[in-house]
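Engineer: predicted model, plus sequence, below.
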Amino acid sequence: MEYTTKNQEETTLIGKDIASQLQGGDILLLHGDLGAGKTTLTKGIAKYFEIDEVVSPTFTLMQEYTIRNPKSAVPAGRQEVRSLIHIDTYRLKDEEQLVEIGVEDYLGAPDTICLIEWPEKIKNLLKNKHIKNIVIKHQKDQERLINLDF
Ligand SMILES: Nc1ncnc2c1ncn2[C@@H]1O[C@H](COP(=O)(O)OP(=O)(O)O)[C@@H](O)[C@H]1O
Ligand SMILES: [Mg+2]
């Protein structure tokens, strides 16, 4: 699936649309340069789950948000989505730093959706995980190309 957006608001709306296709256990890798719109898309995804205040995890590395009103229909054998995890590895020193704060409890947990900015820095942690990729490209001015591999 591929989308083109013409401004920040449109990217937020695409985030909401993408969120409606997600289920617990999903790990989404957000690829794209600085300023591409990874955090903007994350805010859109969070909004779908009625989370309005997404803070930058740049200094905390990882933020957990509790989803109060699970939305997605729950497929057989799956749990409701109860939390959203936002990770930004931009300032991460090494993977161990994330392990120390418990990241492995969240990655792929059946009631959790994980969104990861700069995932290439944590390749080992993602090994053998089922992942979904989103690539955002800065086209020109405010235009962005958003590509999903799902
Ligand atoms: N179509 C668009 N989609 C997303 N952001 C856009 C768009 N056009 C302009 N912008 C601007 O680009 C920046 C994207 O920032 P951000 O989402 O934090 O990027 P990243 O997390 O990838 O570094 C914001 O300042 C936003 O206003
Ligand atoms: Mg960001």
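Structural biologist: Here it is on my side, so go on. Numbers count the residues shown, from 1 in each chain. Ligands and ions are numbered 1, 2, ... in the order given.
Engineer: drop to CA atoms for contacts and neighbour counts, all remaining ones
Structural biologist: OK.
Engineer: before we move on, what SS does the residue nearest in space to the middle of the chain have?
Structural biologist: Taking C-alpha atoms, centre = their mean, the centroid of the chain lies closest to Leu115, which sits 2.1 Å from it. Assigned with DSSP: H, G, I helix; E, B strand; the rest coil, Leu115 falls in the strand class.
Engineer: residue contacts, it?
Structural biologist: 27-30, 42, 84-87 (C-alpha atoms under 8 Å, 6 or more residues apart in numbering).
Engineer: same thing with Leu13?
Structural biologist: Gly44.
Engineer: could you confirm it falls within a helix?
Structural biologist: Yes. The assignment for Leu13 by three-state DSSP puts it in a helix.
Engineer: how much space is there between it and ligand 1?
Structural biologist: 10 Å (C-alpha to the nearest ligand atom, to the nearest Å).
Engineer: cool, Phe150 as well?
Structural biologist: For Phe150, the distance to ligand 1 (C-alpha to the nearest ligand atom) stands at 20 Å.
Engineer: tell me, what's the model's pLDDT at that residue?
Structural biologist: Looking at Phe150, its pLDDT stands at 95.
Engineer: burial count for it?
Structural biologist: By other C-alpha atoms under 10 Å, the residues close to Phe150 number 11.
Engineer: my read is that it contacts Gln21, right?
Structural biologist: No. Counting by C-alpha atoms under 8 Å, Phe150 does not reach Gln21; the two are 9.4 Å apart.
Engineer: can you tell me the element His130 falls in?
Structural biologist: Here His130 is covered by no helix or strand, with elements defined by DSSP states H and E.
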